[in-house]
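Peer 1: heads up, no residue letters with this:
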């Protein structure tokens with residue numbers, strides 16, 4: 001008996017966008033403690049094309065052929081043994097560290113999903129997982145942001161940045177965000193107290209004595225950010241690392257991290273979105289078959305909010 005198939009976007013080798021293939025792939029089966037999700041929407045993140053390029057394979061090797069994508073929203077199709085919290089037909093959002101979101105179906109642990117809030121669409125829910133949990137963990141777990149503190153958030157219009165701004169405001173902080181001039185209105189709508197157009201102003205000339213900097217950009221942005229932190233401040237970074245010797249000289253702590261699923265962050269994000277205190281923004285939507293175009297759009301680094309793939 002032949003196994004069932006589904007449509008998926010996979011890579012058989014590392015390389016440019018041309019290696020993405022929209023093709024038939026084996027449909028997964030839920031094992032004990034797992035759920036089979038019929039994917040409606042899959043999120044597109046920079047890590048997707050970095051994995052595709054192979055630049056992360058030294059610490060995150062893929063078993064080829066590989067289906068990319070960590071984020072999804074959809075409907076529970078079937079549950080494996082020992083699953084009691086979910087049932088077929090439940091509408092959920094979540095993610096998988098084992099990837100597989102660029103497909104009609106994905107199998108995930110029951111701990112990796114949350115019920116879709118009633119006040120957002122499947123499309124909006126499909127872009128939550130990686131960016132919202134990264135932002136939450138960066139602001140709270142690594143930045144340890146406290147009420148009344150000042151935080152500088154780079155790329156505040158991006159996927160992680162837009163959530164970081166909102167989480168920081170919800171925490172009672174004074175929030176400064178950087179973005180290009182065309183995104184000023186959007187970033188201000190998220191709640192920043194001060195906006196810096198990085199194309200015309202060097203942020204280190206406009207900010208001083210910050211308690212926390214959240215760097216989602218990388219390059220020399222992290223090292224330059226050391227100058228705006230007070231002694232004892234925290235530089236949180238998810239892309240590249242600053243000059244650690246300079247950080248030590250300035251008495252600044254560097255927190256470099258990659259998001260990991262925790263029930264606490266999944267629950268916190270879901271509750272804040274459901275309450276209406278935190279919103280998301282989808283900039284572009286592509287059909288699953290056009291994942292290449294979606295990744296090319298992401299690679300420009302000029303995305304406002306999130307890009308998603310419409311699967312069904």
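Peer 2: Ah, there it is. Bear in mind that the values here come from a model prediction, so they are computed numbers and not experimental data.
Peer 1: Show me what counts as buried in stretch 230-238.
Peer 2: 233-238 (16 or more other CB atoms under 10 Å). Every residue, glycine included, has its C-beta placed from N, CA and C.
Peer 1: now it: mean pLDDT?
Peer 2: Mean pLDDT, stretch 230-238: 96.
Peer 1: chain center to stretch 97-115: distance?
Peer 2: The chain centroid and the centroid of stretch 97-115 are separated by 15 Å under CA atoms, centre = their mean, to the nearest Å.
Peer 1: tell me the mean pLDDT over that stretch?
Peer 2: 94.
Peer 1: next one: stretch 178-193
Peer 2: Average pLDDT, stretch 178-193: 96.
Peer 1: outside of that stretch, which residues touch it?
Peer 2: 152-157, 161-162, 165-166, 169, 174-177, 195-200, 203, 281, 302, 304-305 (CB atoms under 8 Å, 6 or more residues apart in numbering).
Peer 1: First-to-last residue distance for stretch 61-69?
Peer 2: 14 Å (CA to CA, to the nearest Å).
Peer 1: How about stretch 84-100?
Peer 2: Start-to-end, stretch 84-100 (CA to CA) is 23 Å.
Peer 1: ok, of the contacts of stretch 178-193, which come out buried?
Peer 2: Looks like the contacts of stretch 178-193 have 152-157, 161-162, 165-166, 169, 174-177, 195-198, 203, 304-305 buried, using 16+ other CB under 10 Å.
Peer 1: so who does residue 235 touch?
Peer 2: Contacts of residue 235 (CB under 8 Å, 6+ apart): 212-213, 215, 222, 225-226, 229, 242, 247, 252-255.
Peer 1: please redo it, this time with the cut-off set to 7 Å
Peer 2: 213, 215, 222, 225-226, 229, 242, 247, 252, 254-255 (CB atoms under 7 Å, 6 or more residues apart in numbering).
Peer 1: Now do the helices in the stretch 101-250 of the chain.
Peer 2: Taking DSSP state H, counting those that start in this stretch as the test, the helices found in the stretch 101-250 of the chain are 122-126, 129-136, 159-170, 184-190, 203-206, 221-225, 244-250.
Peer 1: TSV please, covering those and showing distance to residue 264.
Peer 2: TSV is the format used below for those (distance: least, CB to CB, whole Å):
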stretch	distance to residue 264
helix 122-126	19
helix 129-136	9
helix 159-170	13
helix 184-190	23
helix 203-206	31
helix 221-225	26
helix 244-250	28
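Peer 1: and residue 47, which of those is closest to it?
Peer 2: Closest approach to residue 47 among the helices of the stretch 101-250 of the chain is made by helix 129-136 (7.1 Å; CB to CB).
Peer 1: I'd like the distance from the closest one to the chain centre, please.
Peer 2: 5 Å.
Peer 1: and it, what's its mean pLDDT?
Peer 2: Here the average pLDDT along helix 129-136 is 96.
Peer 1: same thing with stretch 259-277?
Peer 2: Here the average pLDDT along stretch 259-277 is 93.
Peer 1: tell me which residues of that stretch are tucked away?
Peer 2: Quick answer for stretch 259-277 (16+ other CB under 10 Å): 259, 261, 265-266, 268-270, 272-274.
Peer 1: now swap in stretch 115-133 and tell me
Peer 2: 116-117, 120, 122-133.
Peer 1: Check stretch 47-65 too.
Peer 2: 47-53, 62.
Peer 1: which other residues reach that stretch?
Peer 2: So stretch 47-65 is contacted by 10-14, 19-20, 68-69, 295, 298-299 (CB under 7 Å, 6+ apart).
Peer 1: ok, now which ones touch the most centrally placed residue in the chain?
Peer 2: With distances taken as CA atoms, centre = their mean, the residue of the chain nearest its centroid is residue 131 (2.0 Å). Going by CB under 7 Å, 6+ apart, residue 131 touches 45, 159-160, 163, 306.
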